[in-house]
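In: 3D model of this:
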Amino acid sequence: MAFSNYICYLFAGNTSMRNTVEIIVCQGKSADLCCPQAQILKFQEVFYGRPEGCTCQCDICHNLTQTCSANASIALGKLEEKCAQGSKCSVRATENEFGNPCKGIKKILVIKFSCLDS
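Out: Residues are numbered from 1 along each chain as shown. Sure, this is the predicted structure:
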């Protein structure tokens, strides 16, 4: 299953954290996140690594018994710093951005976010 590299989620009506989007970015790929005008990105969770029970997304089916992850609060902080409460942000799922919690294992970046009135 292929995932889009471009995510622009438009919320209808009141956006007070009730509409959360989860995207998956394959290692080495990027995603452009955006919110409607006069709204900002708000991140709930960020994960970079290989989750337990990982499915075959991003062609990471080999060695499924090994799981790993970067420190979630550090990954969240890096993303918040990079995107600096803007309405648009380009994110790349790389070890340079989020560290290398498991050498030699393909990883994914999972971002849960919503758009809030600025």
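In: least confident secondary structure element in the chain?
Out: Sorting the helices and strands of the chain by mean pLDDT, DSSP states H and E puts strand 6-8 at the bottom, at a mean of 45.
In: quick check: next helix or strand after that strand?
Out: Following strand 6-8 in sequence order, the next helix or strand is strand 21-26 (DSSP states H and E).
In: and the next element down the chain from that following strand?
Out: Taking DSSP H and E, what comes next after strand 21-26 is strand 30-34.
In: which SSE is the nearest residue to Ala75 once chain neighbours are set aside in?
Out: The spatially closest residue to Ala75, leaving aside those adjacent along the chain, is Val46, at 4.4 Å (CB to CB, 6 or more residues apart in numbering). The way it works is simple: take the backbone N, C-alpha and C, and place the C-beta from them, glycine included. Val46 belongs to strand 39-50 when assigned by DSSP H and E.
In: swap in Glu97?
Out: helix 95-98.
In: name the helices or strands packed onto that helix?
Out: helix 72-83 (3 or more CB pairs under 8 Å, 6 or more residues apart in numbering; DSSP states H and E).
In: show me the contact partners of the helix it packs on.
Out: 33, 41, 43, 45-48, 89, 91, 97-99, 111 (CB atoms under 8 Å, 6 or more residues apart in numbering).
In: identify the farthest-apart pair in the residues you listed.
Out: Leu41 and Gly99 (21.6 Å; CB to CB).
In: buried ones in the strand holding Val46?
Out: Neighbour counts over strand 39-50 (16 or more other CB atoms under 10 Å) mark 39-43, 46-50 as buried.
In: helices and strands around that strand, which ones?
Out: Against strand 39-50 (3+ CB pairs under 8 Å, 6+ apart) you get strand 68-69, helix 72-83, strand 108-117.
In: out of those, the one nearest Val21 is which?
Out: Per CB to CB, nearest to Val21 of the helices and strands packed on strand 39-50: strand 108-117, 5.9 Å.
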